[in-house]
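[1] Here is my input; please provide its structure:
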Amino acid sequence: MKSETRDKLMGVSVATLCSALYKRGLKTQTIQDVRPVRPKGRNMVGPAFTLRYMPAREDRNPMTVFRDPKHPQRHAIETCPEGHVLVMDSRKDARAASAGDILITRLMVRGGAGVVTDGGFRDAMTIGELDIPAYHHRPSSPTNLTLHEAIDINVPIGCGDVAVFPGDIMVGDDDSVIVIPAEIADEIADEAVEMTAYEDFVVERVKEGHTIIGLYPATEENNLALFAKWREANGR
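    Residues are numbered from 1 along each chain as shown. All right, here's what the predicted structure looks like:
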């Protein structure tokens, strides 16, 4: 992704991106029932690198499978490109963990931009202390082998009821995570920056006591004129 696009997406909310995507008919891009392990006060932005879990079968998932250096879970951690977000399809099942603090620490050290699962993390409180944005459904202590078998890397997946294709742009804030199709990420970023500027103007006006009628949305020309002056004064 372009560095300019990344910078723009770092400064907009998931809520604003939802509205921009909705205008294009994309209504279900927000990953459901996933939230920050701990809010970071900054956005997570990066292309998706995916890992898919399937239901575990006991004869295929003894603890010894982790000895294999090509085990898909371990291999995903070691091959996720720098600046990418590792996105895990855990079938919305947090009864067993998708990963723990050691693996997420390794991902962080390798330059991962973040990690998302629709399942749970073990050692979640430790992951929350790491300097990498991490999103899950809830803490989960059992090893992934209990219920999940890591089976595919960097293939199309479903995460929290959203289709995620490798290279899609993931954006997370302190509320939630959204998936932007890669081919429209640049234009969505541009539109979201414009929307954010107007929303910041609106918030100032509302705090000053102005009605939202005619202001949000901007159906009165006077408000657009005031917005133009506000942008000039604030360098927006």
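[2] contacts for the helix or strand harbouring residue 20?
    Assigned by DSSP states H and E, residue 20 falls within helix 14-22. Applying Cβ atoms under 8 Å, 6 or more residues apart in numbering, the contact partners of helix 14-22 are 9, 27, 29-30, 171-173, 175-178, 180, 188, 191-192, 195-196, 199. For glycine as for every other residue, the C-beta is placed from the backbone atoms N, C-alpha and C.
[3] and if you look at stretch 219-236?
    Outside stretch 219-236, the residues that reach it (Cβ under 8 Å, 6+ apart) are 197-198, 200-201, 204-205, 214-215, 218.
[4] Drop anything exposed from the contacts of helix 14-22.
    9, 29-30, 171-173, 176-178, 180, 188, 191-192, 195-196, 199 (16 or more other Cβ atoms under 10 Å).
[5] Out of the residues you listed, which is nearest to residue 126?
    Using Cβ to Cβ, residue 172 comes nearest to residue 126 of the buried ones among the contacts of helix 14-22, at 19.2 Å.
[6] Mind checking which of the contacts of helix 14-22 are in helices?
    9, 188, 191-192, 195-196, 199 (DSSP state H).
[7] who does the nearest residue to residue 30 once chain neighbours are set aside bridge with?
    Take residue 30 and drop its neighbours on the chain: the residue closest to it by Cβ to Cβ, 6 or more residues apart in numbering is residue 178, 5.1 Å away. Following DSSP bridges, residue 178 is listed with bridge partners residue 30, residue 171.
[8] Just to check, residue 178 is in contact with residue 160?
    No. Applying Cβ atoms under 8 Å as the test, residue 178 and residue 160 come out as separate, 10.5 Å apart.
[9] ranges for the strands of the chain?
    35-36, 44-55, 85-89, 97-99, 114-117, 120-121, 134-136, 138-139, 148-153, 157-159, 162-164, 169-172, 177-180 (DSSP state E).
[10] and the first one, which strands flank it?
    By that I understand strand 35-36. Counting by DSSP bridges, strand 35-36 is paired with strand 134-136 (antiparallel).
[11] what about the partner strand, average pLDDT?
    Regarding strand 134-136, the rounded mean pLDDT is 98.
[12] ditto for stretch 208-220
    96.
[13] Quick check, pLDDT for the nearest residue to residue 82 once chain neighbours are set aside.
    Counting by Cβ to Cβ, 6+ apart, residue 111 is the residue found nearest to residue 82 once chain neighbours are left out, at 3.4 Å. With respect to pLDDT, residue 111 scores 98.
[14] Test my guess that residue 111 contacts residue 83.
    Yes. Counting by Cβ under 8 Å, residue 111 touches residue 83, with 6.3 Å between them.
[15] These two: who's more crowded?
    Applying other Cβ atoms under 10 Å to residue 111 and residue 83 shows that residue 83 carries more neighbours, namely 16 against 13.
[16] Surely that one is in contact with residue 47?
    Yes. When contacts are counted by Cβ under 8 Å, residue 83 is listed as touching residue 47 (7.4 Å).
[17] coming back round to it: let me have the ones in helices among the contacts of helix 14-22 in TSV, extended by pLDDT and distance to residue 36.
    Shown next, in TSV, are the ones in helices among the contacts of helix 14-22 (pLDDT from 0 to 100; distance: Cβ to Cβ, whole Å):
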residue	pLDDT	distance to residue 36
9	98	17
188	98	22
191	97	25
192	98	20
195	96	23
196	97	20
199	96	22
